[in-house]
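**Student:** Give me coordinates for this.
(one chain, ligands or ions: 1)
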Amino acid sequence: MTNRVLTLSRLAVAAALVTSGLAAQAGEVEVLHWWTSGGEAKAASALKATLQAKGHTWKDFAVAGGGGDSAMTVLKSRVVSGNSPAAAQIKGPGLQEWAKEGVLANIDGVAKAEKWDAVLPKVVSDVMKYKGNYIAAPVNVHRVNWLWANPEAFKKAGAKVPTNWDEFFAAADKLKAAGIIPVAHGGQNWQDFTTFESVALGVGGADFYKKALVQLDAGTINGPVMLKVLETFKKVKGYTDKNAPGRDWNLATAMVIKGEAGMQLMGDWAKGEFIAAGKTPGKDFVCVAAPGTAKSFTFNVDSFAMFKLKNEANVKAQNDLAAAIMAPEFQETFNLNKGSIPVRLGMNLDKFDDCAKLSAKDFVDTAKANSLVPSVAHGMAVPPAAEGAIKDVVSQFWNTDAMSAKDAQVKLAAAAKTK
Ligand code: GAL
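**Tutor:** Sure, this is the predicted structure:
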């Protein structure tokens, strides 16, 4: 091609873009997230595709590490150095802390135009707002209190998928006797706490959970139920394998997928891994509420906080991203891959599997019954400083054979006072 023809064809492309309005609006959004496992990456690519379809550029800022601890550390240093991304995966009370710093953008324009107040559960929209203005867009609702099991492994062991903690340990003994690792676990503090909060909910119930882990009530933390929770939690460790320390959660899920392990206590992002591996729910794997928690629901809502930007085209791209996140088509595609359910109300769930349908039903039912509780392990319940302190105690207890449940209880009560 000659230079002249090349120039002309470039001009033609530019003219077409201007006519379609894309060139004038095209911006870039840099998005910080920690979705790097198989299922997570598939879901994240749906978000990227949605944004690119609007003519914008997606700049991926992925920081590996389940639960997002590493991502949050990197985010802090970027914001402090005056180089915020356009959007970052920030959740729960953490959103309020970032908003207080004055670095988040008000996205009420999009929220009003797209009627977010009408299509979001109030428990979610309240968290997405700071002083009445939207500062973040919610993506999904993950249920944390799930148990994932491999039916083949259970059959081989002659075990029954448990519904309470006694049955859990009975099944674990049978799996062990059959040479199968009973519980797939990754020893990282957010994974330890994911197990701990399901034990707390199953042993103590929703009211106990709220008092002890959300209100951080000293009397409840120091009481007999918490002692039982700690003892039950530590007992689970005896059914994990010696390679658990430091293992990523998706590798633990892979052990259940392959039948090396019988079960895993994990939120439904684990389902994203089973699906990405081509497995069918109800056949290759089963989902049941974590022991004793069928009538409760620990929620974890992923959301993207929007940072203040100067460049007008990038602000437009950021607003388009916020609108896209809440659009029904995206809510469907993303959540089918992620293992979660749409956060947007009134969605048709025909394409979703039975685990998702049960989650959607239980989300509504438990909200009515006052047994819908926020996940501590996933940043939904308490401010980050207290969350970090109580997570540290729980992991220290898990990892220290010599520490008694009573010692852990005393330390937990002290950590709960962290401001
Ligand atoms: C959670 C997050 C989920 C999932 C998980 C593991 O905190 O909300 O979306 O990705 O971490 O990385």
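**Student:** for the residue of the stretch 201-350 of the chain found nearest the ligand, what are its contacts?
**Tutor:** At 3.9 Å from the ligand, residue 269 is the closest residue in the stretch 201-350 of the chain, using C-beta to the nearest ligand atom. From N, CA and C alone the C-beta is placed, and that goes for glycine too. Contact analysis of residue 269 by C-beta atoms under 8 Å, 6 or more residues apart in numbering lists 37, 39, 40, 142, 249, 338, 339, 340.
**Student:** Near the ligand, which residues of the stretch 101-250 of the chain? Just list them.
**Tutor:** 142, 249 (C-beta under 6 Å from any ligand atom).
**Student:** what about the helices in the stretch 101-250 of the chain?
**Tutor:** Remark: helices assigned in the stretch 101-250 of the chain by DSSP state H, counting those that start in this stretch are 108-113, 116-119, 122-125, 151-157, 165-177, 189-209, 218-221, 224-237, 249-258.
**Student:** how far off helix 189-209 does the last one point, in degrees?
**Tutor:** In this structure, helix 249-258 runs at an angle of 80 degrees to helix 189-209, with axes from the mean of the first three to the mean of the last three C-alpha atoms, to 10 degrees as the basis.
**Student:** returning to what we had before: just put the helices of the stretch 101-250 of the chain in TSV and tack on mean neighbour count and mean pLDDT.
**Tutor:** Below are the helices of the stretch 101-250 of the chain laid out as TSV (neighbours: other C-beta atoms under 10 Å; pLDDT from 0 to 100):
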stretch	mean neighbour count	mean pLDDT
helix 108-113	16	98
helix 116-119	15	98
helix 122-125	14	94
helix 151-157	17	98
helix 165-177	18	98
helix 189-209	24	98
helix 218-221	16	98
helix 224-237	19	98
helix 249-258	22	98
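**Student:** among those helices, which is nearest residue 405?
**Tutor:** Among the helices of the stretch 101-250 of the chain, the nearest to residue 405 by C-beta to C-beta is helix 224-237 (4.0 Å).
**Student:** Could I get the buried residue list for the one helix or strand residue 324 maps to?
**Tutor:** In this assignment (DSSP states H and E), residue 324 forms part of helix 312-326. By 16 or more other C-beta atoms under 10 Å, the buried positions in helix 312-326 come out as 313-326.
**Student:** Contacts only, for residue 36.
**Tutor:** Per C-beta under 8 Å, 6+ apart, neighbours of residue 36: 62, 64.
**Student:** Check the stretch 1-150 of the chain for the residue nearest the ligand and tell me.
**Tutor:** For the stretch 1-150 of the chain, C-beta to the nearest ligand atom, closest residue to the ligand: residue 66, 3.5 Å.
**Student:** what's the spacing between that residue and residue 197?
**Tutor:** 15 Å (C-beta to C-beta, to the nearest Å).
**Student:** what about this structure, any weak spots by pLDDT?
**Tutor:** Scanning the chain for pLDDT under 70 picks out 1-24.
**Student:** Wait, residue 252 touches residue 264, no?
**Tutor:** Yes: counting by C-beta atoms under 8 Å, residue 252 touches residue 264, with 5.6 Å between them.
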